[in-house]
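S.K.: Quick one, structure for this:
(one chain, ligands or ions: 2)
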Amino acid sequence: MNLPPLTPRYALLGKPYHLPIPTTPLPNVELLQVSSSLADELGFDDATLNSAEFRDMMAGNRPWPGYDTRASVYSGHQFGVYVPQLGDGRALMLAEIIDTHGRRMELQLKGAGLTPYSRHADGRAVLRSSIREYLGSEAMHALGIPTTRALSLVTSPQPVYRERVETAAVVCRVAPSFVRFGHFEFFYHTGQHEALAPLADHVIDEHFPHLAGRPDRYVLWLIEVVERTAQLIAHWQAVGFCHGVMNTDNMSVLGLTLDYGPFGFLDAFDFGHICNHSDEQGRYAYGTQPEIAQWNLSRLLQACFPLLSDNDDEALDIARNIYEKYAPAYGMAARRRWSDKFGFREVRDGDDALINEMLSIMHRSKSDFTRTFRKLAQIESRSDQPAFGVREDIMDIAAFDAWVPKYRARLLSEGAADEARSAGMNAVNPIYVLRNHLAQAAIEQAERGSTEELDRLARVLATPYTQQAGMEAYAAEPPAHLRHLEVSCSS
Ligand code: AMP
Ligand code: MG
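M.R.: Ligands and ions are numbered 1, 2, ... in the order given. Down below sits the predicted model:
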């Protein structure tokens, strides 16, 4: 085996942040998927990827030479309620390496066994949810959205007990850092305030190096976390991604999409869409994600009070100033994303109203979110005919027909040729997203022992903006009987 170079940094933080915990091996493991694009970037060669040692390492059955696997402690607000202790209950850091671009990357095994933070659970992940995490994170990356990635998916016939008996799987996920808002919350709420600065300094030194050593680094870092979070959520909204469990322990301080559970991509457009069947109040509905992100940031900022000032009132003032940067940052990021989706080069006054009018027509019509934007790209700006393509998916035709001339006028005011505009729109509006029913088909087949569908789906999602011959079914709306698949937190 030829492995990329180890360069532990997070491991050096030591106590009280994490503990060395061995993985618990699984029987009869099989390597089901490897993301070859990620493996290339990380610097694994083909011989290594094809070796039994690599498979065993990705299963948690063999250590990375020179590194002790470890689990970290965090806490967080789950559905708005503070839970004093969480942590890596089934995730173990496998290695910290330097990739082929010279970037430091962390590899984590999810589902590799019990840790002191497993609470009453089993430290395992089932094949179903592991396929979803594998496909979801690689699909988000291919869409150009900041996310943790997935290097591999390993299975074992070992039974795992959920609502039914399922089997075990391990995903190796990869990110520059897995530090969460919840890591800071843990040390704040347990009164270990002296542990906040070393963790923040680690994050800053490794991931925000332009701020390292500055006396005002904590303020500037938190401002960047606010900005990155705003950018991330604008991406999610624009692609119709619903995270499903935006608890503060699932929020990355690098602004990455993290912890793929009951997530989903919108089929029919619905501001109130709830993708997590366990979210009865709709706290994490599609339309509330931007404000939930802001609330989550307020929890992180509170946890960082001791970094901001010794004086509570002063810390509160500083934190409030940082907090207030979210709304404008989100507004700007979102306006840019939606303008791009609608094919506007500039962001102009009045665009919000025009965009919201169409979104509201789509919402009332339950139009397919992804397909509608591809069809919008085909509208001819110099025509006074109805916009037939999009119109087929609209119920409120009168409102839509009244909107189209305003949209055309807006397009013409920038004078772009239809062809160039449409190419630009198609570069930001995907054809293929990981719809639940597509994931489900791949899961059911994999559970029966074939990965043909999983392989194909992974391939289609790797180039989501490009039309792929013969793959029409992957761009289609779900058939009626598969429209309301229930996805819960069970994983
Ligand atoms: P989640 O809702 O997946 O973000 O998980 C919340 C917490 O429960 C995290 O601290 C997880 O590590 C932990 N957890 C979830 N599932 C398991 C499991 N099967 N075994 C151990 N810990 C788990
Ligand atoms: Mg989580």
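
S.K.: Helices of the stretch 101-250 of the chain, residue ranges please.
M.R.: Residue ranges of the helices in the stretch 101-250 of the chain, as given by DSSP state H, counting those that start in this stretch, are 127-143, 181-189, 196-207, 217-239.

S.K.: ok, Pro4 - how many residues close by?
M.R.: 19 (other Cβ atoms under 10 Å). In short, each C-beta sits where N, CA and C put it, glycine included.

S.K.: picking up where we left off before, tabulate the helices of the stretch 101-250 of the chain in CSV, adding columns for mean neighbour count and distance to Gly272.
M.R.: Formatted as CSV, the helices of the stretch 101-250 of the chain follow (neighbours: other Cβ atoms under 10 Å; distance: least, Cβ to Cβ, whole Å):
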stretch, mean neighbour count, distance to Gly272
helix 127-143, 25, 22
helix 181-189, 25, 25
helix 196-207, 18, 35
helix 217-239, 22, 14
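
S.K.: CSV please, covering those and showing distance to Tyr286.
M.R.: Below are the helices of the stretch 101-250 of the chain laid out as CSV (distance: least, Cβ to Cβ, whole Å):
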stretch, distance to Tyr286
helix 127-143, 16
helix 181-189, 21
helix 196-207, 29
helix 217-239, 8
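
S.K.: Quickly note the distance from the closest residue to Val225 other than its chain neighbours to ligand 1.
M.R.: Leaving out its chain neighbours, the residue that sits closest to Val225 by Cβ to Cβ, 6 or more residues apart in numbering is Val253, at 5.5 Å. Separation of Val253 from ligand 1 (Cβ to the nearest ligand atom, to the nearest Å): 16 Å.

S.K.: heads up, I number from 18, so please use that
M.R.: Sure, I'll start counting at 18 from here, so that last one is Val270.

S.K.: burial measure for Val270, as a count.
M.R.: Residues near Val270, counting by other Cβ under 10 Å: 27.

S.K.: go on, the one 10 residues further on?
M.R.: A total of 25 residues lie near Phe280 under the criterion other Cβ under 10 Å.

S.K.: could you measure the spatially closest residue to it that is not a sequence neighbour against Asp334, distance?
M.R.: Leaving aside its sequence neighbours, Phe280 sits nearest to Gly261 (Cβ to Cβ, 6+ apart; 4.8 Å). Distance of Gly261 to Asp334, given as Cβ to Cβ, to the nearest Å: 34 Å.

S.K.: before we move on, what about Ala185?
M.R.: Taking Cβ to Cβ, one finds Ala185 at 50 Å from Asp334.

S.K.: Those two: which has the busier surroundings?
M.R.: Ala185 (25 against 13).

S.K.: Tell me which residue in this structure sits closest to ligand 2.
M.R.: Asp276 (3.9 Å; Cβ to the ion).

S.K.: Give me the neighbour count for that residue.
M.R.: Asp276 has 24 nearby residues by other Cβ under 10 Å.

S.K.: Let's verify it: helix, strand, or coil?
M.R.: State at Asp276, reduced to three classes by DSSP: H, G, I helix; E, B strand; the rest coil: coil.

S.K.: Go through stretch 20-32 and flag the buried ones.
M.R.: Within stretch 20-32, the residues that qualify as buried by neighbour count (16 or more other Cβ atoms under 10 Å) are Leu20, Pro21, Pro25, Tyr27, Ala28, Leu30.

S.K.: Can you report how many residues neighbour the residue in the stretch 118-267 of the chain positioned nearest to ligand 1?
M.R.: Going by Cβ to the nearest ligand atom, ligand 1 is nearest to Ala138 of the stretch 118-267 of the chain, at 3.1 Å. Neighbours of Ala138 under the rule other Cβ under 10 Å: 11.

S.K.: got it, and Val143?
M.R.: So Val143, with other Cβ under 10 Å, has 24 neighbours.

S.K.: Not including adjacent chain positions, what is the nearest residue to it?
M.R.: Per Cβ to Cβ, 6+ apart, closest to Val143 is Glu183, 4.0 Å.

S.K.: surely the one you found meets Ala142?
M.R.: No: the criterion here is Cβ atoms under 8 Å, and Glu183 misses it with Ala142 at 9.6 Å.

S.K.: residues bridging contact with those two, i.e. touching both?
M.R.: Val177 (Cβ atoms under 8 Å, 6 or more residues apart in numbering).

S.K.: wouldn't Thr86 be in contact with Pro80 here?
M.R.: Yes: with contact defined as Cβ under 8 Å, Thr86 counts as touching Pro80 (6.6 Å).
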